[in-house]
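Asks: Next input, structure requested:
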Amino acid sequence: MSNQLAKLKPVTNGQVKVGLVANQITAHALVLRELAGFPDDFRTPVFSRLHDSINYQRAFAWGLSVTGLPYWEAAREWHEWEILVQWIRSEDSVGTGA
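Replies: Have a look, this model is predicted:
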């Protein structure tokens, strides 16, 4: 798979920065074989990994984000999102603009 996103002019000029958020799936899923090595095709940093969790389905059913669930039920998901939010808020995520 080619990385068309990395070839876009705003990305190559440093005006915007791009990274991946990996959504992990259960190990027994057939699609896992197809996705093996997928992030490597992009030569783009993976900033966060979100694990497969019923809490995303529960949050959707209640019309919430996963951080809208009680911490004691979704602490792992809260932590995974905090890693991503920290990167977004950091200077490392900021391009030069244009």
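Asks: Please make it C-alpha for all contacts and neighbour counts, starting now.
Replies: Will do.
Asks: all strands of the protein, in order?
Replies: Assigned by DSSP state E, the chain shows strands spanning 20-23, 46-50.
Asks: mean confidence score for the first one?
Replies: Right, strand 20-23. If you average the pLDDT over strand 20-23, you get 71.
Asks: The longest one now?
Replies: Confidence over strand 46-50 (mean pLDDT, whole number) is 73.
Asks: tell me the domain ranges of the chain?
Replies: 1-51, 53-92 (automatic domain parsing).
Asks: In contact with the closest residue to residue 48 other than its chain neighbours: list those residues for me.
Replies: If the residues on either side of it in the chain are set aside, residue 48 comes closest to residue 21, at 5.0 Å by Cα to Cα, 6 or more residues apart in numbering. Listed by Cα atoms under 8 Å, 6 or more residues apart in numbering, the contact set of residue 21 reads 46, 47, 48, 49, 50.
Asks: Out of those, who's the most crowded?
Replies: Of all the contacts of residue 21, the highest neighbour tally under other Cα atoms under 10 Å goes to residue 48, namely 18 neighbours.
Asks: And that one, how close does it get to residue 19?
Replies: 9 Å (Cα to Cα, to the nearest Å).
Asks: what's the answer for residue 6, then?
Replies: From residue 6 to residue 19 the distance is 10 Å (Cα to Cα).
Asks: Identify the single longest helix in the protein, thanks.
Replies: helix 71-89 (DSSP state H).
Asks: Low-confidence ranges, the chain, go.
Replies: 1-3, 23-46, 97-98 (pLDDT under 70).
Asks: Nearest the geometric middle of it, what residue?
Replies: Geometric centre of the chain, nearest residue: residue 21, 1.7 Å, by Cα atoms, centre = their mean.
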